[in-house]
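# here is my input, please return the structure:
(chains A and B)
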Amino acid sequence: MNAPTPRPPTLWIDISDIVHYLRHHTRPSGIQRVAFEICRALLRVDNGAGRIRFTMRDGGPRDLVVMDWQELEGAFSRMSEAAAPKRLATLRTRGNIQVPGTSGATVGMILATGLTLQGRALLQLAKLPLALGAVAAAAIRRDMERRRVKAARAAARAGIENIATASAGEPFESVAQAGDWLLVLGSPWFHPDYVKTARWARDELRLRFAILMHDLIPIRRPEWCDRAMITAFSDWHRAVLPIADQIFANSRFTANDVTQWLAASGSTPRNTARPIPMGTGLPIGVDPASAPHLPPAGTYVLFVSTIEARKNHTLLFRVWRRLLSDLPRDQVPTLVFAGNIGWLVADLIQQLHNAAFLDGKIVIVQQPSDAELIQLYRGCRFTVFPSYYEGWGLPVSESLAMGQPCIASNTTALPESGGAMTRYFDPDKFDEAYAAIRAVIEDPADLEAWRAQVRRDFRPVTWDDSATVIRETIDALG
Amino acid sequence: MNQTITAERRTIWVDVEDFFKYFEANPRPSGIQRLVFETLKVLPAQAAAHPGSPRIAFVRHSADDALLREVTFDNLAALFDVHSRAASVAVKARARTKPLRTRRPPMKAGLRHLAIRTIERLPPEVADVLLQAGVLQIAALRQFKRLLRRHPVQTAESPAPPEPVEVKGGKVVEAVVEAPALAATSADLPVRPGEPLLIMGAPWANENYGNRLARFRAKYRLEPALLLYDLIPVRRPEWCDARLVQDFTDWLESTLPQCKQLMAISRATAADVEAYARECSLKLSGPVVPVPIGTDFGVPTPTADAGPGPGLPAPGSYILFVSTMEARKNHAVLFRVWRRLLSEMPPDRVPTLVFAGRVGWLISDLLQQLENTDWLGGKVRMIRDPTDTELNALYDGCQFTIFPSLFEGWGLPVSESLGRGRPCLASNRTSLPESGGTLARYFDPENLDDAVRAVRDIIEDPAGLAAWQAQVAREYRHVPWGRTAEALIAACLPDAETALAQAAQ
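Predicted coordinates:
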């Protein structure tokens, strides 16, 4: 350890997971996008003082290299733009074919019926060339889109490789100084032995180690997670959390959850787990171009989320079924699910198909682009978020930031995310959810007043607020 | 059966076509076939005791679906017997690793399914065109086939002679029970105008059932009287196979208008059918009559040596949920209840939850969730495909049973649990309060707090549970099948009822 000139401690942010994600996935996930925004905000708050720097692990536990932020930022935005093509879940309706009545039919009638049917069969067959043409055209369009995405992704990836090589040769341990901080904002769980990196930084380099926790879902509710993820996540956190000098959390709920879990496994955090304010939304960059395939403004209620078991889409399916049985059909708004189709929902999707998406009253907009998302938010009557379990609940604050009221589940961190301006229901009580949603649908004047209140009173939290709390906490620890 | 027709004596014609059709495709009777069979067994005797002692005659449809022909109860009983026995033989055969052949669906249907599956793999635009063309083509061919058939059927003096039913020395002979004898030539069926045609099975799988009824009405002046079980494929298609939804909806739409009298297996179903008729602007000729459903299926009494059975949970340590695992039955809520119980109570005070039944459809995501939690550390167990013996042992050893289903036409597991002397905590939805009566307890299956409270109240009060058990054992009375038969006859012959009432005055 050569420390020539004493300087204020540097905050080294490990961005391994962001780079990993860019290398292996089409789009950054929620956690990476949050981590990315906090990185940017930390830089802004640092205001050129040079106390925020970046590193990533590229190999074994001690193979940390210094990273250049500008290049990563460029690659990240390119990647976000190169989103995969998206489409509306198509509802196929098969026209009912009326077989003419046959009771007491005469030979002539039967013959006529048979001939009519035969004629219609041939007519139907004549449509085949047109259908084949449409399929071919669609295939060509898809292929072009695929090529475009592939090229964009390759460019982004090339950028990543460049920064990695450009920064190589500057090993972390020759730059980092005793008293500096190593901060993990994202989810580098793909390094199962990350505890070795953390311990090396702490014990050999004399750094301090901090981590931002997003949730304990794989431990608290393993039923909703991928099997491999459950073990990896538990083992990783069991090893890493006890050696952290400071634990940050995205909500008071997560801070308590982590503290309780650590206590149950016989360990006490060195410093009290600290909730940080979360920015109210992720930047949605693109100016909305009108997308005609989306439902018209004012006709729908919006649920922005990956479609997965934990998010409780099932409840809304049942609520909408009941609305349709209790109210005239034209008074029931469409329900839009905007998000990717995730895991443990194959049975739900099948049920939606079996029910013909409640004859079109439920629509899935898969992989919405930023432009589509903006349009969906602007045109919705209100949003709903019935999730069972959230570390924070970004879609709730994001909805408010977009000026749209939200009816959300009252569990876990969601009341923190929604604050006083959101209305709540118990996601385990059908009647309560139904009553809350129906009341808003049936009282448009009240909804407008509520919307006006949200637009007037909602104070967005910036990511700079998040960065400031991290900085102050760390500075207070010296 | 007495064939004499007196001036006053009327006949109730019972359509059993679907009963025979069912066993062409399925090796084991389902709940509906059991219910039908139990009722038919006592129907003639019940009719004899009815004012005017109507005759009961069983009829099948002729090959071209245009005429009715009579079959005997023995034909029916032989068929049911073979298949119930085949079921128990199948269980034994499995133990001896000697598989029993099951009848495959007809080759024509197989080919059709293969074609449909192949087409559905094509791009949707093309598949739609081809499927529609195919459906139209099949419909056209069907018309032409009718045209060809028409002539020979009308000139046929008498139908083919019956094939004897062969059940050789108790040995099961596959597929020997074929279309049985005609007791009378079809055209001569001694129907008097206005006599009821009682339909109490599951005929929605029969094509063009509504058209057939229209023809029977036109030809024989019969008045169809239909027993309905539930409208689940229409009300909750999400939980049903797409084919069933289509078949059932078509059947319902074409059949209801043909029926003079509608009956239902519960008040809930009766109300639902009336609501459905209103929604479709269908005018019913009268209210839908709820019919009491017999509860005694002749459950085998436990054998003397019945212990817990190898591999079953220890008696008294668990709560039992007997049902096919499928989305509608709401196993998901019990998973959430047990998760909550385990977080609120010491784990050793939480009884095991046992799911006993087949693994059905739309449940794989739930099974994966259970797997992900190691079945809540073993507090949830699934006893898959229990044998009758195992089921008896499971009932005998449970603290109580639980039935959280979201939608039922009746709720057999609830009455069955009570019939076996086990208390039942059931969902308060649809027909279940009728099935459980005052002896079962209820909860809202879509309110987790309510479900947790209901379960906790019982498991934390063992004395209360013992008292409840004693009460169930003491007070539960089976509904005899005679009452079902009696109610059906009364609904089919309402004027006889009126006459009786007048006579009483």
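# only C-alpha atoms for contact and neighbour calcs from this point on.
OK.
# excluding its backbone neighbours, what's nearest the residue of the stretch 101-250 of chain B found nearest chain A?
In the stretch 101-250 of chain B, the residue that lies nearest chain A is B:Glu238 (4.2 Å; Cα to the nearest Cα). Excluding the flanking residues, the one nearest B:Glu238 by Cα to Cα, 6 or more residues apart in numbering or on different chains is A:Gln351, at 4.2 Å.
# how much space separates the one you found from B:Glu446?
As judged by Cα to Cα, to the nearest Å, A:Gln351 and B:Glu446 stand 18 Å apart.
# how about the residues of the stretch 101-250 of chain B by chain A?
Contacts of the stretch 101-250 of chain B with chain A, taken as Cα under 8 Å from any Cα of the partner chain, map to B:123-126, B:128-130, B:132-137, B:139-144, B:146-147, B:211-212, B:214-215, B:218, B:236-242.
# any of those residues buried? List them.
For these, a burial check counting by 16 or more other Cα atoms under 10 Å in any protein chain shown picks out B:125-126, B:128-130, B:132-134, B:136-137, B:139-141, B:143-144, B:147, B:211-212, B:214-215, B:236-240, B:242.
# count of residues packed around residue 281?
As the question left the chain open, I've gone with chain A. By other Cα atoms under 10 Å in any protein chain shown, 21 other residues sit near A:Gly281.
# chain B, not that one
9.
# ok, so what distance separates it from B:Leu130?
Counting by Cα to Cα, the gap from B:Ser281 to B:Leu130 is 34 Å.
# tell me the helices and strands packed up against whichever strand or helix holds A:Thr55.
For A:Thr55, the host element (DSSP states H and E) is strand A:52-57. Secondary-structure packing of strand A:52-57 (3 or more Cα pairs under 8 Å, 6 or more residues apart in numbering or on different chains; DSSP states H and E): strand A:11-14, helix A:16-24, helix A:30-46, strand A:64-67.
# gap between the second one and the chain center?
Taking the mean of its C-alpha atoms, helix A:16-24 sits 16 Å from the chain's own mean (Cα atoms, centre = their mean, to the nearest Å).
# check the first one too.
Taking Cα atoms, centre = their mean, one finds strand A:11-14 lying 24 Å from the centre of the chain it belongs to.
# and stretch B:445-454, by the same measure?
29 Å.
# that one - what's its average pLDDT?
Across stretch B:445-454, pLDDT averages out at 98.
# just stretch A:313-326 next, same as before
97.
# now what about that stretch, what contacts it?
The contact list for stretch A:313-326 (Cα atoms under 8 Å, 6 or more residues apart in numbering or on different chains) reads A:307, A:332, A:335, A:348, A:358, A:362, A:386-387, A:427, A:430, A:433-434, A:438.
# nearest to B:Ala25 among the residues you listed?
A:Leu348 (29.2 Å; Cα to Cα).
# pLDDT weak spots in the stretch 151-300 of chain A?
Within the stretch 151-300 of chain A, the stretches with pLDDT under 70 are A:152-153, A:155-169, A:284-291.
# what segments of the stretch 351-478 of chain A are strands?
Here the stretch 351-478 of chain A has its strands, by DSSP state E, counting those that start in this stretch, at A:362-365, A:383-385, A:406-409, A:423-425.
# now the stretch 201-350 of chain A
A:208-213, A:246-249, A:274-275, A:300-304, A:334-338.
# which parts of the stretch 351-500 of chain B sit against chain A?
Applying Cα under 8 Å from any Cα, one finds that the stretch 351-500 of chain B approaches chain A through B:362-366, B:368-373, B:446-449.
# now do the contacts for A:His191.
Residues counted as contacts of A:His191 (Cα under 8 Å, 6+ apart): none.
# now name the helix or strand holding it.
Using DSSP H and E, A:His191 sits within no helix or strand.
# what helix or strand is B:Phe321 on?
Using DSSP H and E, B:Phe321 falls within strand B:318-322.
# from the contacts of stretch A:313-326, which are also near chain B?
Near chain B, by the rule Cα under 8 Å from any Cα, you find A:Leu348, A:Phe430 out of the contacts of stretch A:313-326.
# where does the stretch 251-400 of chain A get nearest to chain B, residue-wise?
A:Gln351 (4.2 Å).
# ok, that residue to A:Trp343 distance?
Distance from A:Gln351 to A:Trp343, by Cα to Cα: 15 Å.
# who has more neighbours out of those two?
The residue with more neighbours, out of A:Gln351 and A:Trp343, is A:Gln351; 24 against 15, by other Cα under 10 Å.
# contact partners for the more buried one?
A:Gln351 touches B:Pro237, B:Glu238, B:Trp239, B:Leu362, counting by Cα under 8 Å, 6+ apart.
# among the residues of the stretch 101-250 of chain B next to chain A, which lie within helices?
Counting by DSSP state H, these place B:124-126, B:128-130, B:132-137, B:139-144, B:146-147, B:211-212, B:214-215, B:218, B:242 in helices.
# re the thing from before, and the contacts of A:Gln351, which two are the farthest apart?
Spanning the widest gap among the contacts of A:Gln351 are B:Pro237 and B:Leu362, at 12.3 Å by Cα to Cα.
# quick one, what contacts A:Glu204?
So A:Glu204 contacts nothing (Cα under 8 Å, 6+ apart).
# counting neighbours, what do you get for the residue of the stretch 101-250 of chain A found nearest chain B?
When scored by Cα to the nearest Cα, the stretch 101-250 of chain A has A:Glu223 as its residue closest to chain B, at 4.1 Å. Neighbourhood size, A:Glu223 [other Cα under 10 Å]: 26.
# for it, give its distance to B:Ala78.
As judged by Cα to Cα, A:Glu223 and B:Ala78 stand 49 Å apart.
# OK, contacts around the nearest residue to A:Gly281 once chain neighbours are set aside?
Leaving aside its sequence neighbours, A:Gly281 sits nearest to A:Glu398 (Cα to Cα, 6+ apart; 4.5 Å). Taking Cα under 8 Å, 6+ apart, we find A:Glu398 in contact with A:Thr280, A:Gly281, A:Leu282.
# for B:Met345, state which of these is nearest.
For those, the nearest to B:Met345 is A:Thr280 (37.8 Å; Cα to Cα).
# how many residues are close by the closest one?
Using other Cα under 10 Å, A:Thr280 has 23 neighbouring residues.
# residue contacts, it?
Residues counted as contacts of A:Thr280 (Cα under 8 Å, 6+ apart) are A:Leu394, A:Ser397, A:Glu398, A:Ala401, A:Pro460, A:Val461, A:Thr462, A:Trp463.
# just to revisit the earlier point, listing partners with orientation, what would you give for the strand holding A:Thr55?
In the sheet, strand A:52-57 lines up against strand A:11-14 (parallel), strand A:64-67 (antiparallel) (DSSP bridges).
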